[in-house]
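K.L.:
Here is my input; please provide its structure:
(chains A and B)
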Number of protein chains: 2
Amino acid sequence: MSLGEFEFIARLLRPLARGFAGALDLGDDAALVDVPAGYQLVVAKDAIVENVHFFSEDPPEQVAAKLLRVNLSDLAAMGADPLAYLTMIARPPSASDSWLEAFVRGLAEDQSRFEVHLIGGDTVATSGPLVLSLTILGLVPRGAALERRGARPGDLVCVSGTLGDAAMALRIQRGLAVPEDLVEPLLARYRLPTPRIALGRALRGLATAAIDVSDGLLADLGHVLERSGVGAEIEVARLPLSEATRGLPGARACALAGGDDYELLFTLPPDRADLLPDLAVRAQVPLSVIGRITAEPGLRVLDENGRPLAVERTGYRHF
Amino acid sequence: MSLGEFEFIARLLRPLARGFAGALDLGDDAALVDVPAGYQLVVAKDAIVENVHFFSEDPPEQVAAKLLRVNLSDLAAMGADPLAYLTMIARPPSASDSWLEAFVRGLAEDQSRFEVHLIGGDTVATSGPLVLSLTILGLVPRGAALERRGARPGDLVCVSGTLGDAAMALRIQRGLAVPEDLVEPLLARYRLPTPRIALGRALRGLATAAIDVSDGLLADLGHVLERSGVGAEIEVARLPLSEATRGLPGARACALAGGDDYELLFTLPPDRADLLPDLAVRAQVPLSVIGRITAEPGLRVLDENGRPLAVERTGYRHF
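P.N.:
Coordinates of the predicted model:
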């Protein structure tokens, strides 16, 4: 570890703060952020740990992008526009300067893609695995944030993109044999989620509740139901599966219980269903209706014949 | 580790969010923060690591308070009022539920003392030492934040409280023998800094630059000089030493180069010197003038006879 903290900040991180005046060149005790009149600040903080959320041998650029994107996904779920971020890097001696340089390169690429700037943070030494924490700041018009608690009986349960890809990628990494050409697309989904920022923005004023699918569909829909005090019924036949997973064993189980897809799950009043095709175009992602909100509490999963399947919120039993 | 993440949040952390509506009971993807018109958000993120910044056997309540206070100190240095915070806890299996409960108790006590609320964060598993990161949010009237870059030639260099206590405490922990009655007061200064929030607030519109002394006087004054493009001359005889350190060997070296005191170092136009006694009363902390800003770059430390001592910015050589 030859690069000292001050040099690391000055040489590698400071360029990421350029263009955001309130970052004060990362040269002060804190950053200053202007929140325009009529807007609220949206703030979230998610961390990833080596050998828990990423592997030591993963490309550092990808680790950086994943760290930024899981946080951007939280903003998307709130309907917020990304603004800025702070990082905390707890660095073991094993994290070489070149690892850090590649990590910062990954941040640089993704921050310009998502139009955010680094405005502060901390770098500390640790004897343990790399711990990377990020605090993301966004803006949303006052009162327009999407929350988990607004779902009402009769609302449609909708989801973006496809589900279960990241979970299937994990199965492949654990030894599931699949056709060669499916491996990379699925691993890419696991390594590099796509935060649905444009969708979140488009859902302001439309969706009654929203969440990103990080823990798995059943778990995350469960969070919405709990916060909203309602139940739901979803149909297995309507789960959006990717071309890659569709023919693989356990695809539906992955879609129901697997996490890390970072799609948006949202509820929509039934009289807004006609807006879905237009929303999908604006957000550049397919949208599917997979069920509906019920007054009766609990989450029911129906098979192709309309019969309830026995599932648990944080996983599934028989399938 | 018997307490799951959701239970930890629901049972221990959620009570810390009560009273801050935008925390959404820690039950959403992000928190919502209102910034009143005419104010700017101030944001900083500092982390502490087990066996680097605190010891495994330190009382968890104190670790929590230290984590919160080093971040509050950043707000103080900017002249900001504390508003809210987010935490990241990377938890090894060795961190028991009772450790976490005591840690949260420490957060609870200190957050009511400093009138802030927990509004979000993340809890992750790690195989390594505990890593604790905190993001602090504060408010400052637009344009009134204290920065490091405003010091001008002729300004007085001032510091709050006493310097070198935390560094002396570290020497004691490493084996320096001192009179019994000095041990606890010094260790307390190291374990539990006092963020100078009221002083920072009182310095708005008065101080031309400010920083908190976390790296050591020479290093932190060096940051101010570098950002401001000026030099400074400080007098060793004027360094504020506590009763406890005054008679101990190396007290001045600790005051010059030791970190972790978390006092405020600030510069004041010379025609404002008459305000210092009143400022000290309002901020409830003694204030000392220790030198002055010079147009000539570089940092000069003068001994009792006005002769320059050979020092290095990040430490000292001969003393």
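
K.L.:
where exactly do the helices run in the stretch 101-250 of chain A?
P.N.:
Assigned helices in the stretch 101-250 of chain A, in chain order: A:165-173, A:180-191, A:197-203, A:217-228, A:243-246 (criterion: DSSP state H, counting those that start in this stretch).

K.L.:
How many residues are close by A:R307?
P.N.:
By other Cβ atoms under 10 Å in any protein chain shown, 8 other residues sit near A:R307. To be clear about C-beta, it is placed using only N, CA and C from the backbone, and glycine gets the same treatment.

K.L.:
Please determine how far it is located from A:A237.
P.N.:
The spacing between A:R307 and A:A237, counted by Cβ to Cβ, to the nearest Å, is 12 Å.

K.L.:
Next up, the contacts around the nearest residue to A:L302 once chain neighbours are set aside.
P.N.:
Counting by Cβ to Cβ, 6 or more residues apart in numbering or on different chains, the nearest residue to A:L302 once its immediate chain neighbours are dropped is A:E235, at 5.0 Å. With contacts defined as Cβ atoms under 8 Å, 6 or more residues apart in numbering or on different chains, A:E235 is in contact with A:290-291, A:301-302, A:306.

K.L.:
got these as CSV, with secondary structure and pLDDT columns?
P.N.:
As requested, the contacts of A:E235 are exported to CSV (DSSP: H, G, I helix; E, B strand; the rest coil; pLDDT from 0 to 100):
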residue, secondary structure, pLDDT
A:I290, strand, 98
A:G291, strand, 98
A:V301, strand, 97
A:L302, strand, 97
A:G306, coil, 92
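
K.L.:
mind putting these in a markdown table, neighbour count included?
P.N.:
Converted to a markdown table, these look like this (neighbours: other Cβ atoms under 10 Å in any protein chain shown):
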| residue | neighbour count |
| --- | --- |
| A:I290 | 23 |
| A:G291 | 24 |
| A:V301 | 24 |
| A:L302 | 16 |
| A:G306 | 9 |
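
K.L.:
Max pairwise distance over these: which two?
P.N.:
Farthest-apart pair in the contacts of A:E235 is A:I290 and A:G306; separation 14.3 Å (Cβ to Cβ).

K.L.:
if we can go back for a sec, any idea which of the contacts of A:E235 is closest to chain B?
P.N.:
In terms of Cβ to the nearest Cβ, no member of these lies closer to chain B than A:I290, at 19.6 Å.

K.L.:
re earlier: A:A125 is nearest to which of the helices of the stretch 101-250 of chain A?
P.N.:
helix A:180-191 (27.0 Å).

K.L.:
tally of neighbours for A:E5?
P.N.:
By the criterion of other Cβ under 10 Å, A:E5 has 14 neighbours.

K.L.:
A:T194 too?
P.N.:
Here the neighbour count serves as a burial measure; for A:T194 (other Cβ under 10 Å) it reads 17.

K.L.:
Would you confirm that it contacts A:R69?
P.N.:
Yes: using Cβ atoms under 8 Å, A:T194 makes contact with A:R69 at a distance of 7.2 Å.

K.L.:
Could you pull up the residues touching the nearest residue in space to A:I234 that is not next to it in sequence?
P.N.:
Nearest in space to A:I234, with sequence neighbours left out and distances taken as Cβ to Cβ, 6+ apart, is A:G291 at 3.2 Å. Counting by Cβ under 8 Å, 6+ apart, A:G291 makes contact with A:156-157, A:232-235, A:238.
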